[in-house]
Every structure is written in C-alpha cells, then in structure tokens.
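Peer 1: Just to be clear, the model below is a prediction. Sequence and coordinates:
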Amino acid sequence: MARNFHIPIRMCVSCRERDMQTQLLRLQCINGDIDKYIDSGRSFYLCKNCLEVEKKISKALMRQCRNKDKDKFMKQLKEIIIDDRKS
C-alpha cells in the first residue's frame, strides 16, 4: 500500500507565488537586519526568481523587516544570496 507524503508548500513574500519549501530561501528579520533563518522566530520565504530581480524584492522585504536603509539592506541580502549559492 502506497503512503501519501505531505510536501510543504510555502509562498514567496515578494511575488506571492507558491512553491515547494525546498525550492525557496528561508529568511528572517532581527532588529531590522535580514539573515538566514536560525531555528527560532518568525520567518519568510523568497523564490529564486525574485532573488534575481533586485527591484522586485526590495519593497516587499523592506516592508517585512521594517527597514529604512535600502543600501544596507540590499548589501545584507546580496551576501546571503551569494552564501546560499556557494552551498
């Protein structure tokens, strides 16, 4: 008898598209700074398409993190994206 396995589906905070959890990058904001998710607190997901379009993600994420400094915010996000691609 075959078992039905549940595949978690999550939504990208930027484009609102739904995808499998494994295909999305999970992030969180701590005191207005963005970082990869570290096992506690609220988090959100970004799809790979939105990671490529800086203009698209900046509004949604800055609103999510309540951050006003766009340059610092985008620098942090780019570092996370580069680290994610290496692993």
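Peer 2: Good, I have the coordinates.

Peer 1: In the helix ranked longest in the chain, which residues are buried?
Peer 2: For the chain, the helix that runs over the most residues, judged by DSSP state H, is helix 70-86. Residues of helix 70-86 classed as buried: 73-74, 76-77, 80-81 (neighbour count, 16 or more other CB atoms under 10 Å). (C-beta placed from N, C-alpha, C; glycine too.)

Peer 1: what do you get for stretch 10-29?
Peer 2: Applying 16+ other CB under 10 Å to stretch 10-29 flags 10, 12-15, 19, 24-25, 27-29 as buried.

Peer 1: Quick one: find the helix or strand in this protein with the lowest mean pLDDT.
Peer 2: Sorted by mean pLDDT, DSSP states H and E, the helices and strands of the chain end with helix 54-65, the least confident at a mean of 68.

Peer 1: For the protein, which residues score under the pLDDT cut-off?
Peer 2: 1-2, 54-60, 67-68, 85-87 (pLDDT under 70).

Peer 1: now for the buried residues of stretch 10-29, which pair is the farthest apart?
Peer 2: 19 and 29 (20.9 Å; CB to CB).

Peer 1: Outside of the helix or strand that contains residue 10 itself, list whatever touches it.
Peer 2: Taking DSSP states H and E as the definition, residue 10 sits inside strand 9-11. Strand 9-11 is contacted from outside by 17-21, 24, 45, using CB atoms under 8 Å, 6 or more residues apart in numbering.

Peer 1: in its sheet, what does it sit against?
Peer 2: Strand pairing for strand 9-11, using DSSP bridges, gives strand 18-20 (antiparallel).
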